[in-house]
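Trainee: Just a sequence and a predicted model for now, questions to come.
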Amino acid sequence: MSAASSDVPRIGLVLGDPSGIGPEVCAKLLASGAWRSHVRLHVVGDPRVLAQAAQQTGVALPDDVPVDGAVPFDPSSIRQGVASAAAGRVAGEWLKRAVKLAVAGELEGVCYAPLNKSALNLGGWHYPDDLNLFAAITAYAGPQGTIGELNVQPHPHGDLWTSRVTSHVPLKDVARHVTQEAVQDAIHLIHSAVRRSGVAQPRIAIAALNPHAGDGGLCGDEEATVIAPAIERARATGVTCDGPFAADTIFLRARRPDGVQNYEAVVSMYHDQGQIATKLLGFSRGVTALAGLPVVLTTPAHGTAHDIAGKGLADPGALEQAVRLAARLARQTIVPSEPVSDAAVL
C-alpha cells in the first residue's frame with residue numbers, strides 16, 4: 001500500500017550505526033507504542049540487529065511493524081562500542097536504502113538513529129557531515145545555500161528551531177564564511193522549514209558574530225557590514241526577523257525562563273554558538289532536521305554513545321521526538337517520484 005493512501009504518514013526508521021545505541025533506542029521506541037497515533041513505522045536494517053537490541057534492552061518488539069532487511073548485516077561481526085569500517089559501511093547502505101524507498105513513494109519520510117562520522121569515513125562514505133552524505137545519496141544538484149542542518153527543541157509553548165550560517169568549519173575560518181549571502185540563505189532556509197512545520201509566519205532572531213554584538217564596532221564590524229544588511233534584505237522579502245543580538249543572550253530572548261516564546265527560530269553564526277544552547281535546553285529531546293533535500297530527514301541530535309552501547313541504558317526520548325517531527329513535516333511534503341541512481345554515491 002502506498003504511504004500516500006493514509007492520513008498517517010509512513011516513516012522509515014533506520015537503525016543507524018549498529019555499533020552504537022541506535023538499534024537500542026529504536027527497539028525501545030518500537031516497544032513503547034508511543035508513535036502509533038501519529039505515524040506508521042517501517043524499519044530499515046537487519047532484523048538480527050534489531051532482535052539483539054531488543055534482548056539487550058529487555059523489550060518485546062511488536063510483530064506488526066515491517067522490517068526491510070534488503071541490506072543484511074550480522075551483528076556478531078563487530079564489537080559494540082567501537083567504530084569500525086563494517087558498521088559505517090552498512091549504516092550508509094541502510095540510509096541509501098531508506099531514501100530509495102522514500103523517493104519511490106513507499107515512505108513519506110525517513111528518521112534515522114545516530115551515525116558515527118569516523119565509522120562512516122572508514123566505511124567509504126567520505127563526507128564531512130550527514131547533510132553532505134544525504135545530498136550525495138539524493139543526487140542533490142541545487143545551490144549549497146538552499147539545504148542545511150536545522151536543530152529543533154520541542155516545547156509545550158512551541159518548538160524552538162535553530163539554523164547556522166556556518167557548520168562544520170574550523171573556528172579560525174568562520175568569519176570569512178559569514179557573508180551577506182550566507183546569512184540570507186540561513187534565514188530563508190529556516191523560515192521555509194518552520195512554515196512547513198505549521199507556523200504561518202515564523203519570528204526569527206539572528207545572532208551576532210562577535211562578543212557584545214561587536215560593541216558598536218569596537219569588537220568587530222561584521223554586525224554592521226554583513227549581518228544587519230542581510231536581515232534588512234530578508235525583511236524586504238516578507239520574513240519576520242530581528243537582530244543581530246548578542247549570542248550570550250539570544251536564546252533568552254527567544255524563549256524566556258518562564259517558557260514564553262518570543263521567537264520560533266534562532267539563526268547562529270557558527271556551530272557551537274547554537275549547539276551548546278540547544279543541547280542545554282534539552283539533550284534528550286533535541287532533534288536535527290535536514291532541510292531543502294527532496295526527502296524529509298530527521299534524527300536525534302545526540303550521537304552513537306559508544307560508552308553505553310549494548311548496555312540497554314540509552315534514552316529513546318530524542319528519537320521519539322525525531323519521529324514526531326518527521327511525521328509532521330511529511331504531511332506537508334510531496335515525495336518525488338524520480339528514482340535515486342545507484343551511481344549517486346561511491
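Mentor: That came through, no problem.
Trainee: ok, what's across the strand from the nearest residue to Trp161 once chain neighbours are set aside?
Mentor: Distances taken as C-beta to C-beta, 6 or more residues apart in numbering place Ala265 nearest to Trp161, at 4.1 Å, with adjacent residues excluded. The way it works is simple: take the backbone N, C-alpha and C, and place the C-beta from them, glycine included. Ala265 has these beta-bridge partners by DSSP bridges: Trp161, Ile204.
Trainee: Around Ala265, how many other residues sit close by?
Mentor: 25 (other C-beta atoms under 10 Å).
Trainee: With the one 10 residues further on instead?
Mentor: Burial of Gln275, expressed as a neighbour count using other C-beta under 10 Å, amounts to 18.
Trainee: And the pLDDT at Ala309?
Mentor: Model confidence at Ala309, given as pLDDT, is 97.
Trainee: That one: what's it in contact with?
Mentor: 19-21, 24, 80-81 (C-beta atoms under 8 Å, 6 or more residues apart in numbering).
Trainee: how much space between it and Gly22?
Mentor: 9 Å (C-beta to C-beta, to the nearest Å).
Trainee: Phi, psi for the residue most central in space within the chain please.
Mentor: Centroid check for the chain by C-alpha atoms, centre = their mean gives Thr288 as the closest residue, at 2.4 Å. Note on Thr288: backbone dihedrals following degrees, to the nearest 10 are phi -110, psi 130.
Trainee: From Asp129, how far off is it?
Mentor: Distance, Thr288 to Asp129, using C-beta to C-beta: 10 Å.
Trainee: shared neighbours, these two?
Mentor: In contact with both Thr288 and Asp129: Glu149, using C-beta under 8 Å, 6+ apart.
Trainee: Where does pLDDT dip in the chain?
Mentor: Residues of the chain that meet the criterion pLDDT under 70 lie in 1-6, 144-145, 333-346.
Trainee: tell me the domain boundaries of it?
Mentor: 1-140+293-346, 143-288 (automatic domain parsing).
Trainee: and among those domains, the most buried is which?
Mentor: domain 1-140+293-346 (a mean of 20; mean count of other C-beta atoms under 10 Å).
Trainee: For Val90, state which of the contacts of Ala309 is nearest.
Mentor: Ser19 (9.9 Å; C-beta to C-beta).
Trainee: mind listing the helices in the stretch 151-300 of the chain by residue range?
Mentor: Assigned by DSSP state H, counting those that start in this stretch, the helices in the stretch 151-300 of the chain fall at 174-177, 180-196, 222, 228-236, 250-254, 271-282.
Trainee: Check whether Leu150 sits in a helix, strand or coil.
Mentor: strand (DSSP: H, G, I helix; E, B strand; the rest coil).
Trainee: List the contacts of Tyr270.
Mentor: Contacts of Tyr270 (C-beta under 8 Å, 6+ apart): 164-167, 169, 171, 174, 178, 209.
Trainee: same deal with Leu160?
Mentor: Contacts of Leu160 (C-beta under 8 Å, 6+ apart): 152-153, 254-255, 261, 263-266, 278, 281.
Trainee: List the contacts of the residue lying closest to Arg195 once chain neighbours are set aside.
Mentor: Leaving out its chain neighbours, the residue that sits closest to Arg195 by C-beta to C-beta, 6+ apart is Pro202, at 6.2 Å. Shown in contact with Pro202 (C-beta under 8 Å, 6+ apart): 161, 190-191, 194-195, 240, 264-265.
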